[in-house]
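1. Sequence first, predicted coordinates after that:
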Amino acid sequence: MGQTNVIEIRELTKTYGGGWFSRQRTPSLDHLNLTVPPQKIFGFLGPNGAGKSTTIKILLGLVHPSSGSAKILGEPIANHQVRGRIGYLPENPSFPTHLKAAAFLKLMGKVHKLPAEGLDDRVAVCLKLVGLSDRASSVIKEFSRGMLQRLGIAQALVNQPDLVILDEPLNGLDPYGRRDLKRIFLDLKDNGCTVFFSSHILSDAEDLCDHVSIMNRGQLIADGDTRELLAQSPGKSLEEFFFERVDQDNRSRFGSEEAESVLELVRREAGGTTES
Amino acid sequence: MDNVLAITRSTFTQHARSKSLYLLWIVLIVLITCANRYDVLSIGRSSALLIDLGLVLISLVGAGSVLVLGFEVPRELRQKVAENLLSKPVGRDQYLTGKFFGTVLFAISNVLFVAIGFCIVAALSHDASPRQLLLPLLGVIGMIFMLASAGALFGAFMGEVPAVVATFLVFWLGHSTQLIAKMADRSGTTAHMVLRAVYGVLPNLDLLNTRSDLSQSLFAGAPIVTWSYAAASVGYALLYSLVIFIAALLVFRQRDL
């Protein structure tokens, strides 16, 4: 794959309409520029409403950008065939509840056009990787939230992707699940895969990420190698660095009064998720 | 093509596992079986009544089965089942086409199941021949395609409940097209234009509904529904469905998921 960036975003903008009878437009992404280098664990951070999920959905062709362009694995995002080399886990995933876990993964394998002969083995490997081997024959509707998350990770890996995009993958996982997922991330990276994930759990992001980007209200406010970024604020954790940057950005863009209210909201959200 | 087949199969299996379906089948068979007890009420027209009732039920089963498509696509979008699938190398057209054919197959299999049960009852208890059902059945299948395409169109941009209500309205108004045409003829200029436009846009399900013609032909002893008429009406249904389904694909391509 060489050293070509796996994701290249140029001036990406997305505004949502306020409904059929409203002229109000809400900006979600504002001229975003971002590059993701290969074979790294890349943390895509930001408070709620920062534009993380919108960016991810645009990259996967689920949402149409208002302007700008993006390439993924060297291909324009409009080319849906490139998604055969990508694994994706949506936030709060849901799967066809009538299927059994193994049957669902087989369906995902077929959609990825994996050869039929090795598919059963690949499904078994993925289920083992996420600790669901004993639930291969269980119907998905019987799964707990954490098991759904594990199954979601398994389906994202079934095609042995070059790039894994995960939206809040740590949500719903117990400490064992989080530990296992971190191990999976590191294994993927060792095998040449790029892991791009969004998260509110900043302590885990600090442990895992080679590179982080912080978004706030549709704009990129910090981006770089994790260690280099933290060196800019010596002695501070990623969480402290995150609050500092979001705080600065809110003050500079929206003034002190509104910034205070936004900050309070951000702190409450981040506090809630870091405690979980 | 493989993706469309995989989604079609998954959609069909999903619908077929619905427990309410078994209850529906039992109720329908009981209703049809009871129809041969209507000798007195029908004043000697029990054969026509049985055919009429059977075809109404078959038509309702077809419509009810296909209404789920209007519900299914928005539900899968809301629950992110579709988001997960469309993040794979699956085109939006492939997804919607798979959903469409999965639902149409499900509706047709339901209709055939009830029709077979109905034919057995008819053959056992009356002089009505199962072959007489063939032409009206073609009309029901045509209606299934039309409603499925309408469901796909509404599901492509509406929420679950509005999409199902809109599809049901198409079913209801589609059976009232002659009435709309008469109302247009009796209305003033503006209302005439509006009603004529509605008449032109709505699927004319009356064309496909040969139920009453068939039961009358049984009574009169003369064939009213012909193969050429059935072929032309089904041709119309398929063409209409194709146009509406293409519109559904275009809308679905444009929407944000």
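-> Arrived safely.
2. For the rest of this, base every contact and every neighbour count on C-alpha atoms.
-> Noted.
3. For residue 184, which non-adjacent residue is closest in space?
-> This is for chain A. The shortest distance from A:Ile184 to any non-neighbouring residue, by C-alpha to C-alpha, 6 or more residues apart in numbering or on different chains, is to A:Leu129 (7.7 Å).
4. could you do chain B instead?
-> B:His192 (4.5 Å).
5. Quick one: find the helix or strand in the chain with the lowest mean pLDDT.
-> You didn't say which chain, so I picked chain A. When each helix and strand of chain A is scored by mean pLDDT, DSSP states H and E, helix A:238-275 comes last, with a mean of 71.
6. oops, chain B please
-> Within chain B, confidence by mean pLDDT, DSSP H and E is lowest for helix B:211-220 among all helices and strands, at a mean of 62.
7. tell me which parts of the stretch 1-150 of chain A are close to chain B?
-> Contact residues, the stretch 1-150 of chain A versus chain B (C-alpha under 8 Å from any C-alpha of the partner chain): A:60-64, A:80-84, A:86-90, A:93-96, A:98, A:107-108, A:110-112.
8. 6 Å - rerun?
-> A:Leu60, A:Leu62, A:Val63, A:His80, A:Gln81, A:Arg83, A:Gly84, A:Ser94, A:Phe95, A:Val111 (C-alpha under 6 Å from any C-alpha of the partner chain).
9. Would you format the residues you listed as CSV with secondary structure, distance to B:Val121 and neighbour count included?
-> Formatted as CSV, the residues of the stretch 1-150 of chain A next to chain B follow (DSSP: H, G, I helix; E, B strand; the rest coil; distance: C-alpha to C-alpha, whole Å; neighbours: other C-alpha atoms under 10 Å in any protein chain shown):
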residue, secondary structure, distance to B:Val121, neighbour count
A:Leu60, coil, 54, 25
A:Leu62, coil, 51, 24
A:Val63, coil, 53, 18
A:His80, helix, 52, 18
A:Gln81, helix, 52, 15
A:Arg83, helix, 53, 25
A:Gly84, helix, 52, 21
A:Ser94, coil, 44, 23
A:Phe95, coil, 41, 21
A:Val111, helix, 44, 22
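10. where do the strands sit along the stretch 101-250 of chain A?
-> All strands of the stretch 101-250 of chain A, identified by DSSP state E, counting those that start in this stretch, fall at A:163-167, A:194-199, A:211-216, A:219-225.
11. just checking, what packs against the shortest one?
-> The elements that strand A:163-167 packs onto, with contact taken as 3 or more C-alpha pairs under 6 Å, 6 or more residues apart in numbering or on different chains; DSSP states H and E, are strand A:86-89, strand A:194-199.
12. Mind checking these for the one nearest to B:Asn209?
-> strand A:86-89 (47.1 Å; C-alpha to C-alpha).
13. What is that closest one packed up against?
-> Here strand A:86-89 touches helix A:145-157, strand A:163-167, going by 3+ C-alpha pairs under 6 Å, 6+ apart.
14. Try it again at 10 Å.
-> With contacts defined as 3 or more C-alpha pairs under 10 Å, 6 or more residues apart in numbering or on different chains; DSSP states H and E, the packing partners of strand A:86-89 are helix A:145-157, strand A:163-167, strand A:194-199, helix B:81-86.
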